[in-house]
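Engineer: Provide a 3D model corresponding to the input given below.
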Amino acid sequence: MISINRLALFFLLIVWSFSLYAQSTPSSSRHWQLSGGIQYSQGRSTNSHAVQPLDAFSYGGNLEYVCRFPKLTTSYFVYMGFQQLRAEGKDIAVAGLYGLEETLRIDNVVFGPGFELKLNNKGNYQAFLGAQAFWGFSIDSEYSFENVGMTELLILPAAYQVKGGAGLYNAGQVFAGLERVFTEKIQLRLKAGLGEHFQFASWQLPELLYLTQSDRNNVQLIKGGYWQASLEVVCRL
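Structural biologist: Numbering: from 1, shown residues only. Predicted coordinates for the structure are as follows:
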């Protein structure tokens, strides 16, 4: 099965090909613009065992360079934002067979480039497709659990907490959306995306929680797919 990251890379190549074709025709305009908004994401799958999906809210903006041609419009942008990942319940960072009630909180600074393609330049409503890559790093993270079952055979502590230690975040997604043009300088953008993301942590958890030798070095915080919805306001410079 082709991963979403590979699909995003393939789409970026397609967008690049379109932009090269468009440059062979006279351009109408090129300009810079800013966009900012909020994104909500939810994981579709994460670790190798059945887990709770991670919810994430992101706040940030894009610096965009727009090339408007007679038949299409391409946008090249860089995103910068703040991401909050949250999860509570069982099967988050530890397999559910232990019956632990877990809580995970990660705050990331996220950035990355992207491309957007519009095949219709006219009208107040304009559809678009795009792809984007993300990288990030944690500025704060915390994981804790409560051994609510108090299983004596496992000899686990009644409660446990660890802070910091979350590793680098990386993700890729493809997206589609609709932009509403209000004025020449102001637009409203609705967007939905599908992608994959990854993040690990170098945590020293109680010995019994490690299922394999590799778990001792990297605890899986995020590993798998997600979907995302966002609302952005666009301002032409």
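
Engineer: Can you list the strands that the longest strand along the chain pairs with?
Structural biologist: As assigned by DSSP state E, the longest strand anywhere in the chain is strand 125-146. Here strand 125-146 has these sheet partners by DSSP bridges: strand 101-118 (antiparallel), strand 159-163 (antiparallel), strand 169-181 (antiparallel).

Engineer: show me what contacts the residue nearest to Gln84 when sequence neighbours are not counted?
Structural biologist: In this structure, Gln84 finds its nearest non-sequential neighbour in Phe57, 5.1 Å apart by C-beta to C-beta, 6 or more residues apart in numbering. (Glycine included, C-beta is placed from N, CA and C.) Counting by C-beta atoms under 8 Å, 6 or more residues apart in numbering, Phe57 makes contact with 38-41, 83-84.

Engineer: now swap in Ile186 and tell me
Structural biologist: Contacts of Ile186 (C-beta under 8 Å, 6+ apart): 233-236.

Engineer: Let me see the confidence value for it.
Structural biologist: Here, the pLDDT recorded for Ile186 equals 94.

Engineer: Beyond the helix or strand encompassing the residue nearest to Gln84, next helix or strand please.
Structural biologist: Assessed by DSSP states H and E, Phe57 sits inside strand 55-68. Going down the chain from strand 55-68, the next helix or strand is strand 73-89, by DSSP H and E.

Engineer: and Leu205, that one's in a helix?
Structural biologist: No. Under DSSP: H, G, I helix; E, B strand; the rest coil, Leu205 falls outside any helix and is assigned coil.

Engineer: Need the nearest residue in space to the residue nearest to the spatial centre of the chain, chain neighbours excluded.
Structural biologist: The residue lying closest to the centre of the chain (C-alpha atoms, centre = their mean) is Ala171, at 5.6 Å. Closest residue to Ala171 apart from its sequence neighbours, by C-beta to C-beta, 6+ apart: His197 at 3.5 Å.

Engineer: Could you check how far that neighbour is from Val78?
Structural biologist: 18 Å (C-beta to C-beta, to the nearest Å).

Engineer: if you count what's nearby, which of the two comes out ahead?
Structural biologist: Neighbour count, other C-beta atoms under 10 Å: between His197 and Val78, His197 has more, with 28 against 14.

Engineer: is it true that that one touches Leu168?
Structural biologist: No. Taking contacts as C-beta atoms under 8 Å, His197 lies outside contact range of Leu168: 11.1 Å.

Engineer: Tell me where the model's unsure across the chain.
Structural biologist: Applying pLDDT under 70 to the chain flags residues 1-28, 44-53, 95-97, 149-154, 210-217.

Engineer: what do you get if the cut-off is 90, keeping everything else the same?
Structural biologist: Low-confidence segments of the chain, defined by pLDDT under 90: 1-30, 42-55, 68-72, 86-103, 119-124, 145-160, 164-165, 183-184, 196-226, 237.

Engineer: Could you list the buried residues of the strand holding Phe57?
Structural biologist: Neighbour-count burial for strand 55-68 flags 56, 58, 60-62, 64, 66-68 (criterion: 16 or more other C-beta atoms under 10 Å).

Engineer: and what of stretch 194-209?
Structural biologist: 194-201, 203, 205, 209.
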